[in-house]
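Undergrad: Let's see this in three dimensions:
(one chain, ligands or ions: 2)
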Amino acid sequence: MKTAIKSATYIGRFAPSPTGPLHFGSLVCALASFLDARSHSGRWLVRVEDIDPPREIPGATTTILQQLTDHGLIWDGELLYQSTRIEAYRDAIENLQRSGVAYNCDCPRQRITALGGIYDGHCRDRQVIENAAVRLRVPAQSESTQSFRDLVMGDYSQNLATEAGDFVVQRRDGLFSYQLAVTVDDQFQNISHIIRGADLIDSTPRQIYLQNCLNFSADSSPTISSPALTYGHLPMATNAEGQKLSKQNHAAALIAGEESQNLWLALEWLQQQPPAELNAESVERILDWAIGNWSIESIPKQIALPAPKHY
Ligand code: GLU
Ligand code: ZN
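TA: Ligands and ions are numbered 1, 2, ... in the order given. All right, here's what the predicted structure looks like:
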């Protein structure tokens, strides 16, 4: 058994969007973030990312929280709902605009599409006022490489200028972007460790840069800096067709009443080598075993991995 490094400042989180019930892939994310926190004697928070109403399913939050509880994944403290944080996101946008790092953009969708997704900075100096999205200015290509060391995947880097471009922090319809809300709230909740799916690894450089911008108030532009948080990205569970399990491709919800089996399958899938007989134990016993034997190093360094047959 590995000795965990104890840290009084470890704060982890699971941040589901209420777009449907948890499936095998989201259970893996919840479980791994929980186990990494608990094995460091850290706190584990749950944040409901409910700021994209068109994508939300009524009742999904209740279902997700029940599924977590049934699997013994009990969070610390109060839940945070992003829908209560609109004021904070608005303040963040204002600060970014005041420091000159964010600007309004009214480019039509066809123009953005024609650019192949990497925005060219067309509106940087146009002083657009109305009917606009808000974009964050990224540094020029030669100083735009944002790197971090991922606990699972190893070294990762991205050139923000060539691979992301000036990205949207507030949409034209007023909704705040995922990148903005997640970064503001990870800072607000003093999150120290983010363990989540590898579908978000290419968002991480933008989030590190955005953290840096949010802490910045002078007139000159913020630059690339090293990350203040620790990240670990887990393989994405895929279906028989090789697609990521998701609500869009009708991933099966976790089977209720089979919580022990679900946890065991998730541990096995994460290559934690749970003993076969653990399968029949209570969720509490399984989690105790898993905390004591947690080995993030054993997780396969693969972006995608087929889900167990069951799912
Ligand atoms: N709410 C996001 C999702 O469900 C995850 C956010 C995160 O972990 O950063 O995909
Ligand atoms: Zn524009």
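Undergrad: measure R135 to E143 for me?
TA: Note on R135: its distance to E143, by CB to CB, to the nearest Å, is 18 Å. C-beta coordinates here come from the backbone N, C-alpha and C atoms, glycine included.
Undergrad: Kindly report the same for R111.
TA: 26 Å.
Undergrad: cool, L27 as well?
TA: L27 sits 40 Å away from E143, going by CB to CB.
Undergrad: Residues contacting stretch 103-113, please?
TA: Contact with stretch 103-113 is made by 97, 119, 122-124, 126-135, 137, 166, 168, 172, as judged by CB atoms under 8 Å, 6 or more residues apart in numbering.
Undergrad: Could you pick out the buried ones from those?
TA: Neighbour-count burial (16 or more other CB atoms under 10 Å) is assigned, among the contacts of stretch 103-113, to Y119, H122, C123, A132, A133, V134, R135, R137, D166, V168.
Undergrad: Could you tell me which of those belong to strands?
TA: The members of these that map onto strands under DSSP state E are A133, V134, R135, V168.
Undergrad: Let me have those in a markdown table, extended by pLDDT and distance to ligand 1.
TA: A markdown table is the format used below for those (pLDDT from 0 to 100; distance: CB to the nearest ligand atom, whole Å):
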| residue | pLDDT | distance to ligand 1 |
| --- | --- | --- |
| A133 | 97 | 20 |
| V134 | 98 | 20 |
| R135 | 98 | 20 |
| V168 | 97 | 16 |
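Undergrad: With distance to K247 as extra columns, can I get those residues in CSV?
TA: Shown next, in CSV, are those (distance: CB to CB, whole Å):
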residue, distance to K247
A133, 26
V134, 28
R135, 28
V168, 23
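Undergrad: so who does the residue in the stretch 151-300 of the chain that ligand 2 sits nearest to touch?
TA: Distance from ligand 2 to each residue of the stretch 151-300 of the chain (CB to the ion) is smallest for D166, at 8.6 Å. Residues counted as contacts of D166 (CB under 8 Å, 6+ apart) are Y103, C105, Y119, G121, R124, R135, L136, R137, V138.
Undergrad: Distance check, it against P300.
TA: To P300, D166 is 35 Å away according to CB to CB.
Undergrad: Now do the buried residues in stretch 196-213.
TA: 196-201, 203-213.
Undergrad: what's around D36, how many residues?
TA: A count of nearby residues for D36, using other CB atoms under 10 Å, gives 23.
Undergrad: next one: the one 3 residues further on
TA: Under the neighbour criterion other CB under 10 Å, S39 is assigned a count of 21.
Undergrad: Need the nearest residue in space to P18, chain neighbours excluded.
TA: Nearest residue to P18 in three dimensions, chain neighbours excluded: A60, at 3.8 Å (CB to CB, 6 or more residues apart in numbering).
Undergrad: meant to ask about D50, not that
TA: Among residues not flanking D50 along the chain, S83 sits closest, at 4.8 Å (CB to CB, 6+ apart).
Undergrad: Verify the contact between the one you found and E49 for me.
TA: No. Using CB atoms under 8 Å, S83 is not in contact with E49, being 9.2 Å away.
Undergrad: near ligand 2, which residues of this structure show up?
TA: Contact residues (CB under 5 Å from the ion) of the chain with ligand 2: C105, C107, H122, C123.
Undergrad: Could you export these to TSV, including columns for distance to L287 and pLDDT?
TA: Converted to TSV, the residues of the chain next to ligand 2 look like this (distance: CB to CB, whole Å; pLDDT from 0 to 100):
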residue	distance to L287	pLDDT
C105	47	97
C107	49	95
H122	51	96
C123	50	96
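Undergrad: how about the residues you listed in TSV, adding distance to ligand 1?
TA: Below are the residues of the chain next to ligand 2 laid out as TSV (distance: CB to the nearest ligand atom, whole Å):
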residue	distance to ligand 1
C105	24
C107	26
H122	29
C123	27
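Undergrad: any chance you could map the helices in the stretch 51-200 of the chain?
TA: 60-70, 86-98, 109-114, 178-188 (DSSP state H, counting those that start in this stretch).
Undergrad: among those helices, which gets the worst mean confidence?
TA: Among these, helix 109-114 carries the lowest mean pLDDT, at a mean of 92.
Undergrad: Looking at the contacts of D166, which is nearest G257?
TA: Of all the contacts of D166, G257 sits closest to L136, with 45.8 Å by CB to CB.
Undergrad: which ones are touching I118?
TA: Contact partners of I118, counting by CB under 8 Å, 6+ apart, are T162, E163, A164, G165.
Undergrad: Go again with 7 Å.
TA: By CB atoms under 7 Å, 6 or more residues apart in numbering, the contact list for I118 reads T162, G165.
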